[in-house]
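1. Mind looking at a prediction? Sequence and model below.
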Amino acid sequence: MDITKLEDFLDDSGIVFLSYGGMLTQDLISNMTDALEKEAEKNNVSMSASTNIFTIFVELSQNMMNYSKSRAENNEKFDPKGLVLVGYNNEDNSYYVLSRNVIDVIDKEKILPKLEELETMDRDQVKKRYRELRRSGLDKHNKGAGIGFLEISKRCDSIDYKFTQISEHKYQFMFQANIINKQKQ
């Protein structure tokens, strides 16, 4: 790997508070959240923005960890690694949480309709749907992109996602949540 490509990417991406690539565990997520909290304090991130960033980071990290775990349980050969970045974009005064990991076609088929539905909803509709699911107990943080993506969507200003097919049954899934820094506008 050419380290200059990584450095160029990080420079182009603005300030990167946290980057990690590899296997995820609950302990690692917890430690990274602690490091992220220190970076947020050091960079004077508002309490509102930092709370949203932490919540989104945890949701995306747990999604990556859970999708990898489910493949291992099914005895499939699967790469349980993921990439997560948390940073600040100087150009549009926003924070971002980006994740990238490999998922199988079954998981893609569960996730895609949920994300497409989110694209049609405004913030009030997202909050309403979130409350409905919480009360009903359906999709309660089960693997399958239910309430987790609603939680993310209600805490950010926009989302971007992309599925890139890498084999007959596997896709690279990229997801980015963007949070506008309202305090500095």
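-> Yep, that arrived. Residues are numbered from 1 along each chain as shown.
2. Can you report how many residues neighbour the closest residue to residue 29 other than its chain neighbours?
-> Of all residues not flanking residue 29 in the chain, residue 61 sits nearest, at 4.6 Å (CB to CB, 6 or more residues apart in numbering). C-beta: built from backbone N, CA, C; applies to glycine. By other CB atoms under 10 Å, 24 other residues sit near residue 61.
3. which helices and strands sit right next to the helix or strand harbouring residue 61?
-> Using DSSP states H and E, residue 61 falls within helix 47-73. If contacts are counted by 3 or more CB pairs under 8 Å, 6 or more residues apart in numbering; DSSP states H and E, helix 47-73 sits against helix 26-42, strand 81-89, strand 94-104, helix 147-155, strand 170-180.
4. swap the cut-off to 10 Å and go again
-> In terms of contacts (3 or more CB pairs under 10 Å, 6 or more residues apart in numbering; DSSP states H and E), helix 47-73 is packed against strand 15-23, helix 26-42, strand 81-89, strand 94-104, helix 105-119, helix 147-155, strand 170-180.
5. I'd like these written out as JSON lines, with distance to residue 136 added.
-> Output for these, formatted as JSON lines (distance: least, CB to CB, whole Å):
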{"stretch": "strand 15-23", "distance to residue 136": "34"}
{"stretch": "helix 26-42", "distance to residue 136": "27"}
{"stretch": "strand 81-89", "distance to residue 136": "30"}
{"stretch": "strand 94-104", "distance to residue 136": "26"}
{"stretch": "helix 105-119", "distance to residue 136": "15"}
{"stretch": "helix 147-155", "distance to residue 136": "10"}
{"stretch": "strand 170-180", "distance to residue 136": "24"}
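6. could you dump those to JSON lines with distance to residue 130, mean pLDDT and mean neighbour count?
-> Listed next are the helices and strands packed on helix 47-73 as JSON lines, based on distance: least, CB to CB, whole Å; pLDDT from 0 to 100; neighbours: other CB atoms under 10 Å:
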{"stretch": "strand 15-23", "distance to residue 130": "26", "mean pLDDT": "79", "mean neighbour count": "16"}
{"stretch": "helix 26-42", "distance to residue 130": "22", "mean pLDDT": "85", "mean neighbour count": "14"}
{"stretch": "strand 81-89", "distance to residue 130": "23", "mean pLDDT": "86", "mean neighbour count": "20"}
{"stretch": "strand 94-104", "distance to residue 130": "18", "mean pLDDT": "91", "mean neighbour count": "22"}
{"stretch": "helix 105-119", "distance to residue 130": "11", "mean pLDDT": "92", "mean neighbour count": "15"}
{"stretch": "helix 147-155", "distance to residue 130": "4", "mean pLDDT": "92", "mean neighbour count": "22"}
{"stretch": "strand 170-180", "distance to residue 130": "15", "mean pLDDT": "93", "mean neighbour count": "20"}
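7. For residue 131, find the nearest of those.
-> helix 147-155 (9.5 Å; CB to CB).
8. Just the C-alpha atoms of the closest one, please, in CSV.
-> Written as CSV, here are the backbone C-alpha positions of helix 147-155 (Å, rounded to 0.1, in the frame of the first residue of the first chain):
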residue,chain,number,x,y,z
ILE,A,147,-34.1,1.2,13.5
GLY,A,148,-30.3,1.8,13.3
PHE,A,149,-30.4,3.6,10.0
LEU,A,150,-33.4,5.6,11.3
GLU,A,151,-31.4,6.6,14.3
ILE,A,152,-28.5,7.7,12.1
SER,A,153,-30.8,9.6,9.7
LYS,A,154,-32.5,11.6,12.4
ARG,A,155,-29.1,12.7,13.7
